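In: here is a sequence together with a model predicted from it:
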Amino acid sequence: MKNHNEDEWLNRFKKDMEKLEDVYEPVVPERYQLLNTLNEFKAQRKRAFIRELIMFLVTAFVILTSYIVFTFKMPPVFLWVQGCAFVFIPIMLIAESKRKKRGNGVENNGF
């Protein structure tokens, strides 16, 4: 009797486990879906690289301009640069925070 109950319980357990496995079988993506995702990631990474390169060049240009202004002692130019920075830096920070909130960065690639 004990053996029969254990066998019955084991059979029900196996059937229940098979049902769970059938329900939660993962979907394997097709090759074209993987390639599409990879191409999207590469395109996002390329846009991010270009954006970072532009920011680097702008920063380098600002540093070079500041060095020239200090070297030739041109206070009016320095004041204009400071005024422009006072206006444009908050605008750039707000735009960057909005871009991050939208999730257009490479970090958010769906994986």
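Out: That came through, no problem.
In: tell me what the helix or strand where Leu34 lies is packed against?
Out: Following DSSP states H and E, the helix or strand that holds Leu34 is helix 31-72. If you count contacts as 3 or more C-beta pairs under 8 Å, 6 or more residues apart in numbering; DSSP states H and E, helix 31-72 packs onto helix 75-102. For glycine as for every other residue, the C-beta is placed from the backbone atoms N, C-alpha and C.
In: I'd like the average pLDDT over the helix it packs on.
Out: Mean pLDDT, computed over helix 75-102, is 83.
In: again, but for stretch 31-42
Out: Stretch 31-42 carries an average pLDDT of 94.
In: return it as CSV; C-alpha atoms alone will do.
Out: Extracted in CSV, the C-alpha atoms of stretch 31-42 (Å, rounded to 0.1, in the frame of the first residue of the first chain):
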residue,chain,number,x,y,z
ARG,A,31,18.1,34.6,-36.5
TYR,A,32,16.7,37.8,-38.2
GLN,A,33,15.4,39.0,-34.8
LEU,A,34,18.9,38.6,-33.2
LEU,A,35,20.6,40.3,-36.2
ASN,A,36,18.1,43.1,-36.1
THR,A,37,18.7,43.6,-32.3
LEU,A,38,22.4,43.6,-32.9
ASN,A,39,22.2,46.1,-35.7
GLU,A,40,20.0,48.4,-33.6
PHE,A,41,22.5,48.2,-30.7
LYS,A,42,25.4,49.0,-33.1
